Structure formats: C-alpha cells, structure tokens
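K.L.:
structure for this input, please:
(3 chains)
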Amino acid sequence: MATQHSRSAARIMMAPAVFLLLGWMLVPLTMTLYFSFKKYLPLRGDSLERGLDWVGFDNYIRFLSSSSFWPSVQATLVIVGGVLIITVVLGVLLAILLDQPFWGQGVVRILVIAPFFVMPTVTALVWKNMFMDPVNGMFAHLWRFFGAEPVSWLSDASVESIIMIVSWQWLPFATLILLTAIQSLDSEQIEAAEMDGASVLSRFYHIVLPHLSRAITIVVLIQTIFLLSIFAEIFVTTGGSFGTRTLTYLIFQRVIDSQNIGLGSAGGVYAIILANIVAIFLMRIVGKNLDK
Amino acid sequence: MARAVTTRRKVITTGAAWAVGLLIFFPIYWTILTSFKTEAQAIANPPLFFSFDWTLENYGVVQERSDYMRFLWNSIFIAGGSTLLGIIIAVPAAWSMAFVPSKRTKDILLWMLSTKMLPAVGVLYPISLLFVKYNLLDTHGGLIVVLMLINLPIIVWMLYTYFREIPGEILEAARMDGAGLKEEILYVLTPMAIPGIASTVLLNVILAWNEAFWTLNLTAAKAAPLTAFIASYSSPEGLFYAKLSAASTMAIAPILILGWFSQKQLVRGLTFGAVK
Amino acid sequence: MGQITLQQVTKSFGDVDVIQPLDLTIEDGEFAVFVGPSGCGKSTLLRLIAGLEDITSGTIKIDGNDATDIPPAKRGLAMVFQSYALYPHMSVRKNIAFPMRMAKVPADEQERRIESAAKALNLTDYLDRRPGQLSGGQRQRVAIGRAIVREPSAFLFDEPLSNLDAALRVGMRMEISELHKKLETTMIYVTHDQVEAMTMADKIVVLRLGNIEQVGSPLELYQRPRNTFVAGFIGSPKMNQIQGAEADKHNAHTIGIRPEHIDLSETDGTWKGTVGVSEHLGSDTFFHVQCDFAAEPITVRATGERALSYGSDVYLTPRAEHLHRFDAQGLRIE
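P.N.:
So this is what the prediction gives:
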C-alpha cells in the first residue's frame, strides 16, 4: 500500500509527535539523573549558578537507608496490593453480575461506572468529610445507629481509608474492562460445555476464568502503573501521615517539602525504574496484540 | 444468551444489580443531594434523605467567595486546549502509522505508550525548574503543553486504532480517483474518521479535566483548574459540607455527563487494545 | 490509447520476490485477464500497473510513455476494487462525481457523465442513496460507474465479482463484457476463477509464483497449454494427467486428456476401470473412474444423464487428437 511518495510524507507527519515525546522523556529524565548525582539543597544555599557538588551514588544509598524508605515501600505495597485485590475480585463478581440479563442494565452500568469520572480531589474530600469524618460523616452516623463508637478513619485506619477511597475510584475501571472481556467470550463455547454436561461452577472455572485471565492481567498491570503514582488522594486527606506515605509521596516530600533535590531525584529514578519494570510486561502483551 | 431466563432469576438479578449499583453510586448521589441543603442540615444526624429545605444558596456562596467561574474556565480551557493541541499533532502521526506502516511502526507506538508510564513525581523537579525558568508557572499555556504531552500517547494510540479500522482500499480508491494527499485526508479520511476523532476528544477531555498531579503542582491562582480549587477545601474552617458538595457537584457534573457517553472509548483508550 | 507494456518488471517485499522479471504487452482495447492460484502475484501485478505499489525494477509504459514513477492519480487509469471501496459518507452521485471533482471537470460536464453512466448501469433511481443502503450488485455498479466517468485509458478490475453470490456473478460477468464491447477501452481483469477468465477474456495471462506461465487467447490455452500447470488450471473439471507406463506408451513423461475428450463404454475401450463417485448435473454426468495404472481417479464426462453403478466395470477411450504430451519438466511436447 505504500509507495515512495507516501513513505516520505509519513515520516514528516510522524516527526512532531515523536520529537515532542522524545523531548518530554529525555529532557526531564536527564535532569533528574543529573540532580541525583549531586548535592542540591536550594534552601540551604546551594545554587545552580555556583555549581553543585558531585556526590556519586550517595543520594541513592541515603534514599534506601533512610528510615522512611522501607515504611514507604510497605505503604506502597499494602495500598497498591489492597486496591488491586479489591478491584479485581469485586470487579470480576460485578462483571459477571452485570453480564446477566436484568431490567435496567443501562442505568445500572452508568451507576457503577460513575466513580471513575469523578476527579480524585473531589473523591478524596467527599470521602474524608462526608463519610469518614468521625463526628459528622455517614459512617459515624451508621456506627452510632448500631450502638458502636464511630471510627476515626483517617487518623486511626489511614491506610484502610486510602485503600477504600482509591478502590471506589478504580472499581469501575476494572469492572468495565472485565465486563467487556466477558462479553467478548463466545457464547458458543459455554453452550458447547453445557452440552458436554459441565455445571455452572465448572463452566466458570474452566472457560470463563481462563478467558478472563488475560483481561485480569491487563487490569492488574495498568492499574499498578497508575496506582504506583497516586497522589491527590493522599495529598488532600492524610498528607502522607499515619503510614500512608507511599514511595511516590515520599519522593514528592523530599522534593517539595524538604527541598532535598538530589535525594528526591535519586528517589525519582527508583520510581522510574520500578514503573518501567511493570511497563515492560504490559508492553509485551500490547505488542503481541498489535501483531494481530 | 438466546434462552429465556426464568423471571424469578431475573428478579433476583435485578435486585442484586440495582442494590450494588446504588451502593456504588451513593457517594455521588449524597454529594449532589447535600449541595442543596443548608450547612446545619448537611451534618444533621440522623442524615436527611428527603425532608429538608432545598436551597441554592451554596452554589451562590461558592461562586461569590471563590470565583468558581474562573476555575471552571481554567478547567475548560486547559482540558480543551491540551486535547485540541494533541489532536493536531496526533492526527498526522496516527495517519502515517496506520496507513504507511514500516517495520518500526509497532516499536514507535509501543515506545510512545511507554512514555505515559513515566511516574510524574520522578520528573517533578526538572519540570518545575523549567517552568520557573521560562515563566510558565501558573500559566494556561504551560499546563496545556504538559497535559498535552502526558495524553499524547493515548490520543495517538486511539486515533491509530480508529484509522486502522478504515478500509485501506477506500483511500487507495481516492488515490486512483486522482486525489492528492491533501484531498485524500480532507475529503475521504477525515469524514470517515470523525466518529473516531470525536471519541478520542471525549476521552481526553475527561482525562485532562481530572488530572490531579501537574494541575496541583504547577498552578497557583491564575491558571488553577477545578482540581486545585477543590483541593483548597482540604483545610477549611467552620461548617462547609454543603458548600463542598456544591463545589464538588459543579466540578464533576460536566465530566459525569460526558463520561456516561464514553465507556467504549475508555476501554479502547486505556487498555491499549489488549482487551477487545 | 490504452496500450500497456511491462518490461522486466520485478517486485520484492523485503527479501521476498513476489514478481519475477516479467514482460507483458496488453494492446489497446484488449480485455486481458490475469488468472492464477492464490499468491501467484496477479493482484500485485495489477497494483503495480495502477501505481499503488512501487516497482522494484523494470519499467511500465502506458501508450509508449514511461509511467514507472508517475503516481496513481496521474496515470489515467481507473480501478474497481474487490470490496468496491465506495466512500461511505457520500451519496452515489457524489461517489461517481468524486474523480471528476478531483480532475476539476466543469459541473455541467460532470452532470452529463453521471447521468449517462447511471443510465448505462441502471443506477438512476439510486443516485441519492448512500452505499450502505445498496445491495452488493448495486454497489458493484456504482464502483464501475465511478471508474467509467474518469474516461480512463484502461480499466483495472481486482476480483470484482468475488463478493457476489453465484447467480449475481453470472449476470455481472455478462454486463462487464457488454460494457467492454460498448466502450472499447482496455480492461485488465484479475480473478482466481478460470471460468470468468475463459468467458470474458481476449487474452489470458496465467501466473504462478510471480511468473507468467502462458499468455494467449482462451482457446489457445485450452487447446495447447504450454505446461502441466496451465493444462491443469484451465478447464473445469481439471484435465486428467497420467504418468508412468501409460505415458511411456506415448513417449512422454506425462499425458493429459480432458474429461470431455474421453469416450465411455460399458463393453470395450482402451482403458479398463471401476466406477467410483459419480456427479449428476442433469446436463452432464461426471464419473470418477479408478484405473490400475493411475494413482488418481480419472474424471470422465458423459453428456446428458447416464447411470452407471458404483463399483461397476467401465471402459475408457481417450480421443487421440486431444491427447496432450508433456516432458519430465512439465513442458508441452508437440
């Protein structure tokens, strides 16, 4: 389909996008890399004009050995892991439910999808104030209704609160993807299994689940990438305290609050490497699909 | 499923599905409802579901006190602007990748997608530095460029998939009919691609509107969009639930409406074709 | 006006040579059919002539002028695609008008040509409909109409009838042939269906794996196939090809005899065999006869209805004047 004429035109037409993204990727990355090897605390008098001291891998080591590092890793694992488990398990169940025939399917779908389109700051604040507030929140009212003491969610169960908030935000995404995957399952396969005498559970286990495993993998990979960098929800609720300081938030604080740019940049490089590892797996699956 | 489902089963399923749906939707519903209450009624216990005096005063107060309209305009401008800019850059790129693919097309596409995986926090400082240096902090232009860059991979990807669905033979027919490149794109490709372009615009306006990292860190007062505006309610004084609800409702209403139309686009745009 | 010459044309996609060095001339006004099995390169060849693909080496001349580097729009050719490739967002009228719009033909001339093409193709009632509202056959005609109004030096057809059902195909075949007689323009037609080739062509080009196996009129290819491939490709059902002792008797590696050139007798004949599966079409009956000397059953045609039971003995006599002989390389021996 291509000829010389169209080939050269194509190259020109791709150029702006390629160059912009190349710049977007390389320029800040090299700067971060640069800063990670330097000692740079602008609040303490370091300035770019006067030149910065080279400290080698010092920042990298200090970031890892800092007392906040492992807690942040733990916070990240717990939060990301928690959200993944909740969204995938509930997502599969919801997807199966929504795939059944019932009245008002369109409306229920809209109801279930809605949370994904709410901006994270609204999500976080609505949950923080109107549901989790120990005095005036809905949960407080509910707890009192059953005669129990209301829970001070964001201070006493911070990690659980964050997990709850973020799960609510991302459950629609998982559900939508898994629902799409379920609906793409050829009904003839299930009917053939039925003819062969398979029970409902057996059909689910041997046909639906394997078919979904691809979609589940995609959901897990994509959500992991986005969840690793959740920010706004933590920013407007706990501010990283009570054990909710994820790796991303830790780096953010190093850069913005403590203004230790060198340290923060080293942390940033760790975050980039981590995200890229997940991305490699995801891109391999996407790449295989592109070949089709 | 062509077989008739028993009515009993359908009733149970309907009940379960609606229960779950309403439960999930409840926070949004509650927010919208509370926006019409007075502050006192907003924190009433037991919570008031129906019997309260509906009032619009909160909307008025939010607009007066914090100039909601400015933030709304910023959101519209930034989301719209970055999407428009992205489309202009992405359409030619997607065209060439879809219709004149080379051996490296797939790799370039995958690479573009991978730039979206870059954790923002890792490049926060360099970007802020550049923004300060070039006077881009708290400007619409700066934010439009950044949001365009983070969404460009998705725009290119979505347009690519939509373009690939256009039968190549139709474009060849246009070529045989004497159309040059310009005519081919203008009279044949674009009209056929309009649904796909519209879908891409839809999803990207939503993504840009809800973006809550760069919009929080690169803006202050002048260019701050609704995401930042709402964030300012995180440390308020006095009773404020009703006002928060009003501000929130106004912030999310446009996107909720748009979002209801864009479920398919969501799947296509954010799963990179790995789920059909 | 529409003479097309290919000189030493080759085409490779990367390392794969799809078209071997090839020479071909199609005379002005000829109806030439490119035919061959899947992957033989016939569509590729058509697209090279159209300009939709670049030639790797060689030249293409249209009316004596070198057209190798000229883009498709400027070659003065028109193409009808297998999937019709109509513009879905334009009405039939606009579809047909499009090429004229590109060529900046004045509006009243456009009108005139559209009316005339619509009349010739029975499309006058459909001019304001969209392709999505038309049947396959109607879409086919719109595609042809769009090609006609360009008044090209040659028409290129890329398997235009493959997407139509059998009955429609026969009708459209005749319409295209009549169109050719009326317009007297060169037509190059690609198909995998040798029946279309035989019934429509002035000249058939048989292709295999990027090579031209034979060029000639339908009758030439039928009566004097140059090699076993052409012999087996042209003619339906396929020519029987027999090797071994029987072939040796005729001083050949392979002998060929068409099913319609074998006489059938229940009493005597040259070859003895057992009746296998028989196909009754009403107008003809085809028997598949198993003979000792041949590995494959021999197909024999009998006119009218003839009943022979499965497993019964039968005698076959090939008509000597229709016996073809081929050597060890598969080439025809005169």
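K.L.:
number of nearby residues for A:Glu160?
P.N.:
Neighbours of A:Glu160 under the rule other C-beta atoms under 10 Å in any protein chain shown: 16. Every residue, glycine included, has its C-beta placed from N, CA and C.
K.L.:
so how far is A:Leu227 from it?
P.N.:
Distance, A:Glu160 to A:Leu227, using C-beta to C-beta, to the nearest Å: 16 Å.
K.L.:
just B:Leu266 next, same as before
P.N.:
Taking C-beta to C-beta, one finds B:Leu266 at 17 Å from A:Leu227.
K.L.:
could you do B:Tyr59 as well?
P.N.:
On the measure of C-beta to C-beta, B:Tyr59 and A:Leu227 end up 34 Å apart.
K.L.:
who are the contact partners of C:Pro160?
P.N.:
C:80-82, C:84, C:140, C:143-144, C:172, C:176, C:189 (C-beta atoms under 8 Å, 6 or more residues apart in numbering or on different chains).
K.L.:
could you do C:Phe229 as well?
P.N.:
Counted by C-beta under 8 Å, 6+ apart, C:Phe229 has contacts C:206, C:208, C:213, C:330.
K.L.:
next one: C:Val80
P.N.:
Applying C-beta under 8 Å, 6+ apart, the residues contacting C:Val80 are C:140, C:143-144, C:147, C:155-158, C:160.
K.L.:
can you go through these and name the buried ones?
P.N.:
C:140, C:143-144, C:147, C:155-158, C:160 (16 or more other C-beta atoms under 10 Å in any protein chain shown).
K.L.:
next, count neighbours for the nearest residue to A:Asn136 once chain neighbours are set aside.
P.N.:
Once flanking residues are discounted, A:Asn136 sits nearest to B:Ile43: 4.1 Å by C-beta to C-beta, 6 or more residues apart in numbering or on different chains. B:Ile43: 22 surrounding residues under other C-beta under 10 Å.
K.L.:
kindly report the same for A:Leu176.
P.N.:
Quick note: A:Leu176 (other C-beta under 10 Å) scores 26 neighbours.
K.L.:
with A:Gly197 instead?
P.N.:
7.
K.L.:
can you report phi and psi for the residue nearest to A:Asn136?
P.N.:
With angles defined as degrees, to the nearest 10, B:Ile43 sits at phi -110, psi 10.
K.L.:
doesn't B:Trp209 make contact with B:Pro254?
P.N.:
Yes. When contacts are counted by C-beta atoms under 8 Å, B:Pro254 is listed as touching B:Trp209 (7.5 Å).
K.L.:
for the stretch 51-200 of chain C, which residue gets nearest to chain A?
P.N.:
With C-beta to the nearest C-beta, the shortest gap between the stretch 51-200 of chain C and chain A falls at C:Asp54, namely 4.8 Å.
K.L.:
how about the secondary structure of that residue?
P.N.:
Recorded secondary structure, C:Asp54: coil (DSSP: H, G, I helix; E, B strand; the rest coil).
K.L.:
how about it, phi and psi?
P.N.:
According to degrees, to the nearest 10, C:Asp54 has phi -80, psi 140.
K.L.:
and it, how many residues sit next to it?
P.N.:
Neighbour tally, C:Asp54, other C-beta under 10 Å: 16.
K.L.:
how close does it get to chain B?
P.N.:
12 Å (C-beta to the nearest C-beta, to the nearest Å).
K.L.:
one more: A:Gln223?
P.N.:
A:Gln223 is 10 Å from chain B, by C-beta to the nearest C-beta.
K.L.:
for stretch A:250-266, measure first residue to last.
P.N.:
12 Å (C-alpha to C-alpha, to the nearest Å).
K.L.:
hmm, that stretch touching chain B?
P.N.:
Yes. Stretch A:250-266 reaches chain B (C-beta under 8 Å from any C-beta of the partner chain) through A:251-252, A:255-256, A:261, A:264-265.
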